[in-house]
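> Fold the following and give me the result.
(one chain, ligands or ions: 1)
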Amino acid sequence: MVASARDDNVSYFSLLRCAGRCRTTSLSKVLNIGPSPAFLIELDAVDLSVDGRDILRGISLATDARRLGILGRNGSGKTTLARVLAGLQKPTGGRVRIAGIDVVRDRRGALGAVGILFQNPDHQIIFPTVGEEISFGLAQMGMIKSEVRNHVAQTLARFGKLAWLEAAIHQLSQGQRQLVCLMAVLAMNPKVIILDEPFAGLDIPTAMHLSRVLAHANCTLVHITHDPRVIALYDHALWIEGGAIAMQGPAAQVAQAFETAMIELGERDDLTDLTG
Ligand SMILES: Nc1ncnc2c1ncn2[C@@H]1O[C@H](COP(=O)(O)OP(=O)(O)OP(=O)(O)O)[C@@H](O)[C@H]1O
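Residues are numbered from 1 along each chain as shown. The predicted model follows:
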């Protein structure tokens, strides 16, 4: 059964959360349990409207979960939420903090707090060579040139790709370009990495290899996907429907409920429920 998304976000399903240290901020207000402690990821009543259309509605989350899944149908608002979490899009209401950093206002701080990998590496890459691409974020973080050079070399060496330093990015395959993006993000050593379906266009071995690298990364992963199986073993999950939280809680429960609802929708013989 799918909970209807409510503006106050205090629904039955929002009471199912709490894998690890996890709760919604609005609940603390309702229960009057005092000021929030600092959580790694904190969203407080985040809204986003574009041209009068509500794309995100009242998203609240406070969690230290190491592996967080965000599930939703096409057009439910997942990528928009990913961009807001990374500080790339300013919400029209509410507040986003990662590791205590206001990721919209403090862009330099945000670089060390949160990195993002998109499905299409070409939406991310801006420089012609691998070395320049990895250097950019490090320089933006305030590293001096010699530190940047060392850090880039160390990062490439870690992946056995030192020979790529001067490589032209347009000559790399999509999987190789995705690896460049991953190296650029890992070089900045962020506390949180957001994965917006980054393996969707990759072959199975490449996807498995990059997944293994990420699984061993010493940071929190926020994985955005349509596929409940991908996040079923995670610590915590959010199900987004129409830009609002329909359910959140232990990932296995959310994944199961999402899959059941999606199969039920899929078995209907029409497209009237297609979001968007
Ligand atoms: N900049 C924008 N201007 C207007 N509408 C937008 C903008 N960005 C997103 N939207 C709309 O917001 C809704 C959510 O889009 P979003 O890309 O976040 O969904 P999604 O869950 O990531 O979808 P998918 O799984 O298909 O990638 C969609 O209806 C989309 O058309």
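
> Enumerate the residues of this protein near the ligand.
50, 55, 72, 74-80, 276 (CB under 6 Å from any ligand atom). Where C-beta positions appear, they are placed from N, C-alpha and C, glycine not excepted.

> Can you add pLDDT, secondary structure and distance to Val130 and give the residues you listed back as CSV?
Shown next, in CSV, are the residues of the chain next to the ligand (pLDDT from 0 to 100; DSSP: H, G, I helix; E, B strand; the rest coil; distance: CB to CB, whole Å):
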residue, pLDDT, secondary structure, distance to Val130
Val50, 93, strand, 34
Ile55, 96, strand, 34
Gly72, 95, strand, 33
Asn74, 90, coil, 33
Gly75, 92, coil, 34
Ser76, 94, coil, 34
Gly77, 95, coil, 33
Lys78, 94, helix, 29
Thr79, 93, helix, 26
Thr80, 95, helix, 29
Gly276, 53, coil, 37
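
> Please identify which of these is nearest to Leu40.
Nearest to Leu40 out of the residues of the chain next to the ligand is Lys78 (CB to CB; 19.6 Å).

> burial measure for that closest one, as a count.
21 (other CB atoms under 10 Å).

> so where do the strands sit in the stretch 1-150 of the chain?
Here the stretch 1-150 of the chain has its strands, by DSSP state E, counting those that start in this stretch, at 22-23, 41-50, 53-63, 67-72, 93-98, 101-102, 114-117.

> got any ranges where this protein has weak pLDDT?
Along the chain, segments meeting pLDDT under 70 span 1-37, 269-276.

> Out of the strands of the stretch 1-150 of the chain, which gets nearest to Ala261?
Evaluated over the strands of the stretch 1-150 of the chain, closeness to Ala261 peaks at strand 67-72, with 10.2 Å, by CB to CB.

> partners of the closest one, with directions?
If you go by DSSP bridges, strand 67-72 pairs up with strand 220-225 (parallel), strand 236-241 (parallel).

> And the helix or strand immediately after the last one in the chain, what's buried?
Tracing the chain past strand 236-241, the next element assigned as helix or strand by DSSP states H and E is strand 244-250. Taking 16 or more other CB atoms under 10 Å as the neighbour-count basis, strand 244-250 is seen to contain the buried residues 244-250.

> Distance to Glu133 and mean neighbour count added to the strands paired with strand 67-72, as CSV?
Below are these laid out as CSV (distance: least, CB to CB, whole Å; neighbours: other CB atoms under 10 Å):
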stretch, distance to Glu133, mean neighbour count
strand 220-225, 22, 24
strand 236-241, 31, 26
